[in-house]
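1. Predicted model, plus sequence, below.
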Amino acid sequence: MSPAATATKEIPKEIERFNIIFRIQHIIMFTTFLLLSFTGWGLKFAYEPHGVSSIWIRVWGGAEIAGLIHRIAGITMLLDFIWHVIYLAYLFAKKRMTINLKTTVIPLPKDVFDVIKNFMYFLGLSREKPRFGKYSYAQKFDYWAVFWGMFIIGFSGYALAFPMQVSYIIPEFTTGWIWQLFGIMHSDEALLAIVFILFWHFYNEHLKPESFPMSWIWITGKISTERLKHHHPIEYDLLFGQDTPKKKKE
Amino acid sequence: MFDKKSLVLMASFLMLAVFSPLSGFSEEPANCLVCHSSMKGKILSPAGHMIELHVDTDRYTESVHGSFSCTDCHFKFSENPHASPGGVVPQNVLAVSGKISAKHPVDPVAAAACVACHEEIYTYVLGSVHGRNILEKNETDGALCLDCHGSPHYIRKKEDPESSVSRGNHVKTCGRCHGNRELYEKYGLEKNVIHSYEESFHGRKLHLGHMKAPVCSSCHNAHDIKTKDDPSSPVYGKNKLQTCGKCHEGANEKFIPAISHKPAGPIPHYAEIGLIILTMSVFAFVIIHVLLEAYSDIRDAVFRKKEDD
């Protein structure tokens, strides 16, 4: 990503972590995610007592409008995802992005050890926090969860939204069960995605004392070198060199 | 000696005695309702049938037949405490009443009276799987008019939300029999029809107020309903192409299995179990991780603050 600076280079106050394209992709992703969750929840739990879901769906303009919102948001999210993948391919092709084990988002064995280390730290069995690269295992988990969701929820959702078109391409022998499978995949994994975002992403990026009310990287794209050093020491070392003297505290 | 209630009742009976010989007395619903609106409960007829005595005047006049005279349907009484209205029973009513007397033993003529006006629909019903069960198999289970439309005194237009066949009540009404274990086992019907409908996208959308979501009769027809094994049924074999095509233009053979009352096969079933296990494991990991991390953050803030500095 960013070219590695030499140790002699002056350390900036902040560096860019996500460029504008990634930030826009993230904004589209969470906007559509929220719309999909809100409208889909009403359908999944349609029979909640006291007509709660009927009232909730009415808030979204009734069943027809809520369905339309869900479809438009779903298509937008899928296009956003495709855009992201194509953009990554473009960055690789242009050599503006290369795979470096210290900065990659690809899961590595180190991440498993980091999880164990972190649990030891949580439990007080170790005084040493794991040292993360550009992406901690929590962030990698966050990132790849979207891929899983896109394949499982996205494709099944596309099939459910456009059953007629999809019916032409599904093989004959699957027709007895594939529609039900689409429904189950879509509904169950959507619940998983919502729970995951609600607990994992919201805790890590919003509720955690050090992040509250949110990490502003999503809008500025910038991370302070202070924070980088603290949370992503391996990346910090890669960028600014290991032997950099400790910055004085203000 | 007499309380007020019985005096009122006696007065009504006296009135009945006075006016009954006059022709036209019983054509005026008010005359019948003088007593029947205040009578409560049921009475055992000589033949051993319980007869509901009460007629709610308000609900009757609000109903689609509210302007009718009682004798438009109650042509005559077979077990009669009243002076018989003794009207002429139309031929088609008489013919139908003979066929359905097993199902409506109390007053088959009144039960068959619907045919006087709704002749075409009644013909469909008698030819349907419901009607034939009564006519050919001499069973009492098949649905006739009142089983779906409710009491004949309070029938409402199906557009009226209070109607038993309105979009909101339709499935419940069919479910009274088709969700009844005794009945679906007796006739070997598909077990899960109501539940599987409610779980389907169709059922959920209907429940949430979608105006185009289909109800039972949208696919199975109403008055001329046939079993799915009958080649004239809209859900028989390839007829589904047309039936589904009413809403889903271009419905093809790979599309129509998307909606079925059949329980899930092994693949969706085990896929669901797998996904539930995955969801639960992720959930467990996430919760434990978040709670422990929060704990360690608090611990560090309270007890280890100094060490870090």
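-> That came in fine, so what should we check first?
2. for the chain, which spans come out with low pLDDT?
-> Using chain A. A:1-9, A:242-250 (pLDDT under 70).
3. other chain: chain B
-> B:1-27, B:77-81, B:83-86, B:305-309.
4. all strands of it, in order?
-> Using DSSP state E, the strands found in chain B span residues B:42-44, B:50-52.
5. Longest helix in chain B, please.
-> helix B:266-303 (DSSP state H).
6. which strands and helices sit next to it?
-> Helix B:266-303 is packed against helix A:109-122, helix A:178-196, with contacts defined by 3 or more C-beta pairs under 8 Å, 6 or more residues apart in numbering or on different chains; DSSP states H and E. The way it works is simple: take the backbone N, C-alpha and C, and place the C-beta from them, glycine included.
7. Let's see that with 10 Å instead.
-> When contacts are defined as 3 or more C-beta pairs under 10 Å, 6 or more residues apart in numbering or on different chains; DSSP states H and E, helix B:266-303 packs onto helix A:109-122, helix A:137-149, helix A:178-196, helix B:305-308.
8. for those helices, which one sits closest to B:His49?
-> Among the helices and strands packed on helix B:266-303, helix A:178-196 comes nearest to B:His49, with 47.0 Å by C-beta to C-beta.
9. What's the first helix or strand after that closest one?
-> Next along the chain after helix A:178-196, taking DSSP states H and E as the criterion, comes helix A:202.
10. Any idea how far the following helix or strand past that next one is from the middle of the chain?
-> Per DSSP H and E, the first helix or strand lying C-terminal to helix A:202 is helix A:217-220. Relative to the mean C-alpha coordinate of its chain, helix A:217-220 is positioned 14 Å out (C-alpha atoms, centre = their mean, to the nearest Å).
11. ok, now stretch B:159-166?
-> 10 Å.
12. circling back to that earlier point, highest average neighbour count across the helices and strands packed on helix B:266-303?
-> Most buried of the helices and strands packed on helix B:266-303, by mean neighbour count (mean count of other C-beta atoms under 10 Å in any protein chain shown): helix A:178-196, with a mean of 21.
13. Report the angle between it and helix B:266-303.
-> Put simply, helix A:178-196 runs at 0 degrees to helix B:266-303, going by axes from the mean of the first three to the mean of the last three C-alpha atoms, to 10 degrees.
14. and the gap between the most centrally placed residue in chain B and chain A?
-> Closest residue to the average C-alpha location of chain B: B:Thr173 at 2.0 Å, with C-alpha atoms, centre = their mean. Going from B:Thr173 to chain A by C-beta to the nearest C-beta, to the nearest Å gives 18 Å.
15. Is there a neighbour count for the residue nearest to that residue when sequence neighbours are not counted? I'd like the number.
-> Sequence neighbours aside, B:Ser164 is the residue nearest to B:Thr173 in space, at 4.9 Å (criterion: C-beta to C-beta, 6 or more residues apart in numbering or on different chains). Other residues near B:Ser164 come to 21 when the count uses other C-beta atoms under 10 Å in any protein chain shown.
16. surely B:Ser164 meets B:Cys145?
-> No. In this structure, B:Ser164 is not within contact of B:Cys145 by C-beta atoms under 10 Å, at 11.2 Å.
17. joint contacts of the two?
-> Residues touching both B:Ser164 and B:Cys145 (C-beta atoms under 10 Å, 6 or more residues apart in numbering or on different chains) are B:Ile155.
18. quick one, phi/psi of A:Ile15?
-> Main-chain dihedrals, A:Ile15, degrees, to the nearest 10: phi -130, psi 160.
19. host element of A:Val52?
-> With DSSP H and E as criterion, A:Val52 is part of helix A:52-59.
20. Please give me every residue in contact with residue 140.
-> Picked chain A for this. A:104-108, A:111, A:114, A:132-134.
21. wrong one, I was asking about chain B
-> Contacts of B:Thr140 (C-beta under 10 Å, 6+ apart): B:100, B:102-105, B:133-134.
22. cool, B:Thr123 as well?
-> Per C-beta under 10 Å, 6+ apart, neighbours of B:Thr123: B:92, B:96, B:115, B:131, B:223-224.
23. which one of the residues you listed has the most neighbours?
-> B:Val96 (26 neighbours).
24. Show me which residues of the stretch 101-250 of chain B sit near chain A.
-> Within reach of chain A by C-beta under 10 Å from any C-beta of the partner chain, the stretch 101-250 of chain B has these residues: B:198-201, B:203-213, B:244, B:248-250.
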